[in-house]
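> sequence? don't have it. structure:
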């Protein structure tokens with residue numbers, strides 16, 4: 001693809017962690033998080049990008065994001081990209097579709113634990129916090145299991161002139177799924193990245209039959225397998241489009257949730 005890329009490289013020193021089970025990490029080419037655009041731009045209404053799903057998949061087989069015009073939630077699993085639309089229905093997306101914001105990596109777990117008892121999102125966060133290399137070290141996280149109740153949301157496709165993201169989220173459709181099996185995919189990112197990406201935990205969900213999901217809000221689950229992939233590097237591709245060049249990122253667009 002004849003398109004220049006901007007990269008901001010953030011090299012982070014990792015410290016080892018001792019926990020329940022450790023698996024050798026992937027090679028250095030797979031030890032990076034790759035991000036399209038920055039969260040502040042999305043918050044300000046920059047909803048169109050130039051990066052195709054075909055190109056995105058060359059940088060990772062796992063992750064999350066959204067689509068041009070803010071057309072639903074993206075989840076990337078096993079190299080396949082799915083869209084959860086504003087009706088909560090999931091579908092596989094063609095490679096020609098483009099994204100204004102996405103975060104992907106090649107996922108190879110270095111820590112795996114199992115939790116049999118019932119657990120909610122708050123308890124899960126506390127559990128993962130104890131397994132991480134440190135609060136300032138990024139990690140990709142995959143969670144599979146049985147969800148008795150899970151609450152998600154998605155965002156409807158927008159039309160120009162695009163409103164700020166928080167205005168869209170104030171009217172977001174939410175969904176309740178009961179007694180489903182599925183996968184949570186996402187990242188735990190340090191607070192110092194708050195203008196670049198969502199700090200702390202950011203998760204999307206999809207059912208095992210790939211029929212439903214969305215941005216994760218809350219859940220109660222059991223029989224969970226938690227996989228953590230600690231990362232050394234972050235690469236950010238900045239957009240070239242006029243919307244990004246002209247948007248005022250000094251304005252406070254609020255906090256993503």
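Structure's in. What do you need? This is a predicted model, so every value here is computed, not measured.
> So for residue 246, what's the pLDDT?
On the pLDDT scale, residue 246 is placed at 89.
> typed the wrong thing, it's residue 100
Per-residue confidence (pLDDT) for residue 100: 98.
> Would you mind measuring from it to residue 203?
Distance, residue 100 to residue 203, by C-beta to C-beta, to the nearest Å: 20 Å. In this view, the C-beta of every residue, glycine as well, is placed from N, C-alpha and C.
> Same check on residue 85?
18 Å.
> who's more crowded, the two?
Neighbour totals were compared for residue 85 and residue 203, and residue 203 leads with 24 against 18 (other C-beta atoms under 10 Å).
> Helix or strand for the more buried one, just tell me which one.
strand 200-207 (DSSP states H and E).
> and that strand, which residues are buried?
Across strand 200-207, burial judged by 16 or more other C-beta atoms under 10 Å covers 201-207.
> Show the subsequent helix or strand relative to that strand.
strand 213-230.
> tell me what that following strand is packed against?
The contact analysis (3 or more C-beta pairs under 8 Å, 6 or more residues apart in numbering; DSSP states H and E) places strand 213-230 against strand 73-77, strand 80-84, strand 111-115, strand 119-120, helix 121-131, strand 139-153, strand 174-189, strand 200-207.
> Flag every buried residue along it.
Here strand 213-230 shows 213-217, 219, 221, 224, 226-230 as buried, counting by 16+ other C-beta under 10 Å.
> In this structure residue 148 contacts residue 181, no?
No. Using C-beta atoms under 8 Å, residue 148 makes no contact with residue 181, being 10.7 Å away.
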